[in-house]
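> compute the structure for the input listed below.
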Amino acid sequence: MNLFKYALAEQLSAPLPGREVQFRMAPYRRPKDLNFQYPSDAKQSAVLISFYFKEDEPHFILMKRSEYKGPHSGQICFPGGALESQDVSLLDTALRESMEEIGVDPNQVEVLGRLSSLFIPVSYYKVQPYIACLPEQPTYVLDPQEAAAVIEVPLSELMNDACEDIRPINHRGEFTLDTPCIELQGHIVWGATAMMIAELKAVISQMGV
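Below you'll find the predicted structure:
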């Protein structure tokens with residue numbers, strides 16, 4: 001665990017792959033502006049990508065959102081949400097939301113670094129992903145209004161290029177579009193979460209462990 005943890009933290013401190021890698025999994029297949037400036041009034045949010053060892057292999061945690069009337073209903077994502085008034089920082093947001101949604105104890109979280117932020121036009125949020133390690137597999141406590149299920153993904157599956165595809169996906173119940181996606185543990189991951197995973201995969205591929 002320590003070798004993986006230290007190598008990941010070191011790689012996260014180096015220049016990140018950023019938008020060029022994120023855009024490989026962006027929902028809309030059109031030329032992307034690498035110099036795009038986020039709207040100054042974008043809402044702030046954060047997510048937590050937590051690793052732990054299970055059966056001698058790193059795993060990370062995704063969750064399936066509960067069904068609700070909103071643009072991200074039922075989607076696969078990382079625990080996280082909007083910056084609230086009680087949050088001192090976006091890291092506090094990520095830790096608080098991970099606790100509230102799936103029960104990860106913030107006192108057990110060791111933050112290793114962060115990925116590049118990204119903007120989600122449909123919800124007008126700028127999202128900051130944080131990477132962390134946990135000492136063991138957590139005991140999950142799901143908020144049924146937020147999380148329908150937890151999905152544990154082994155590192156070997158993440159790094160398998162065969163998991164990536166382009167499939168017809170319904171967007172917000174309005175239209176279907178051939179969309180880059182990743183199949184993990186039988187679930188289709190797309191949109192902002194797939195973009196974060198693409199950068200995470202690129203960072204890990206550079207670790208050399």
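
> show me where pLDDT drops low in this structure?
Scanning the chain for pLDDT under 70 picks out the ranges 1, 29-31, 69-72, 172-173, 208-209.

> ok, which stretches of it are helices?
Secondary structure of the chain (DSSP state H): helices at 2-12, 19-22, 90-102, 155-158, 192-205.

> to residue 74, which of those lies closest?
If you check each of the helices of the chain against residue 74 by CB to CB, helix 192-205 wins as the nearest, at 12.7 Å. Using the backbone N, CA and C atoms, a C-beta is placed for each residue, glycine as well.

> what's the closest one packed up against?
Helices and strands in packing contact with helix 192-205 are listed as helix 2-12, helix 19-22, strand 43-54, strand 76-77, strand 118-120, strand 125-133, helix 155-158, strand 175-184; criterion 3 or more CB pairs under 8 Å, 6 or more residues apart in numbering; DSSP states H and E.

> out of those, nearest to residue 140?
Nearest to residue 140, of these and by CB to CB, is strand 43-54 at 11.2 Å.

> residue 190 touches residue 26, doesn't it?
No. Residue 190 lies out of contact with residue 26 (CB atoms under 8 Å); the separation is 9.6 Å.

> the two: which has the busier surroundings?
Neighbours were counted for residue 190 and for residue 26 using other CB atoms under 10 Å; residue 190 has more, 23 against 19.

> residue contacts, the more buried one?
Shown in contact with residue 190 (CB atoms under 8 Å, 6 or more residues apart in numbering): 25, 27, 75, 169, 179-182.

> not counting sequence-adjacent ones, nearest residue to it?
residue 181 (4.0 Å; CB to CB, 6 or more residues apart in numbering).

> again with residue 79
Sequence neighbours aside, residue 98 is the residue nearest to residue 79 in space, at 4.0 Å (criterion: CB to CB, 6+ apart).

> what residues are up against the one you found?
Counting by CB under 8 Å, 6+ apart, residue 98 makes contact with 48, 50, 79-80, 104, 106, 109.

> if I look at it, how far off is residue 92?
Taking CB to CB, to the nearest Å as the measure, residue 98 falls 11 Å from residue 92.

> likewise for residue 133?
Relative to residue 92, and taking CB to CB, residue 133 is found at 18 Å.

> ok, these two, which is more surrounded?
Higher neighbour count among residue 133 and residue 92: residue 133, with 22 against 15, using other CB under 10 Å.
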